[in-house]
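J.: Turn this into a structure:
(one chain, ligands or ions: 1)
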Amino acid sequence: MERYKICPTCQTKNELSAYLCDNCLADISSVEEYKPKERVLKLVNSDYRLSITLKDGDILGREGVGKEELKAFKTISRQHARFFLHQGEWAVEDLDSTNGSYVQGNKFKKIRLKNGLKLSLSQSFEFEVVIED
Ligand SMILES: [Zn+2]
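T.: Next comes the predicted model:
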């Protein structure tokens, strides 16, 4: 990933080596490199004592991330759903899984996630979404 710093005056991204902001010419010589926070998403199922940690772009499934934890759950597809960050928010997309993905009984293709949401893969297996700040 490219390295950059953000102008505190106008929020423009600038090259790390810049002394003046490209946009507003503010002095940014002492601004530190911008480091996005690594935001971790966890899917937790306390009945089965499962906790699966996901990073941006991870594909969950019996042959994806969580395969050790999920291998006994045959209704979950090999590549069930993709978890990703969109504009800093976690989202999930069902990858045309055989048994689908649901929240509160409603099947979805793509949704935004929030902390505490109950996410069901294949309607027989529910996870609680835990987003750490
Ligand atoms: Zn600026």
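J.: C-alpha only now, for contacts and for neighbours.
T.: Will do.
J.: Show me where this protein has its strands.
T.: Listed in chain order, the strands of the chain (DSSP state E) span 4-6, 13-15, 41-45, 50-54, 59-60, 81-86, 89-94, 101-103, 106-107, 110-112, 118-121, 125-131.
J.: K37: neighbour count?
T.: The tally of other residues near K37 (other CA atoms under 10 Å) stands at 8.
J.: residue contacts, it?
T.: Contacts here follow CA atoms under 8 Å, 6 or more residues apart in numbering; on that basis K37 touches nothing.
J.: which bits of the protein sit near the ion?
T.: C7, C10, C21, N23, C24 (CA under 5 Å from the ion).
J.: what's the spacing between D56 and the ion?
T.: Separation of D56 from the ion (CA to the ion, to the nearest Å) stands at 29 Å.
J.: circling back: nearest to E68, of the strands of the chain?
T.: With CA to CA as the criterion, E68 lies closest to strand 50-54 of the strands of the chain, at 9.9 Å.
J.: Go ahead and produce PDB holding the CA coordinates of the closest one.
T.: C-alpha atoms of strand 50-54 as PDB (Å, rounded to 0.1, in the frame of the first residue of the first chain):
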ATOM      1  CA  LEU A  50     -16.100 -20.700  18.100                       C
ATOM      2  CA  SER A  51     -14.400 -17.400  17.400                       C
ATOM      3  CA  ILE A  52     -13.200 -16.700  13.900                       C
ATOM      4  CA  THR A  53     -11.100 -13.600  13.200                       C
ATOM      5  CA  LEU A  54     -11.400 -12.000   9.800                       C
END
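J.: Good, we can wrap up now.
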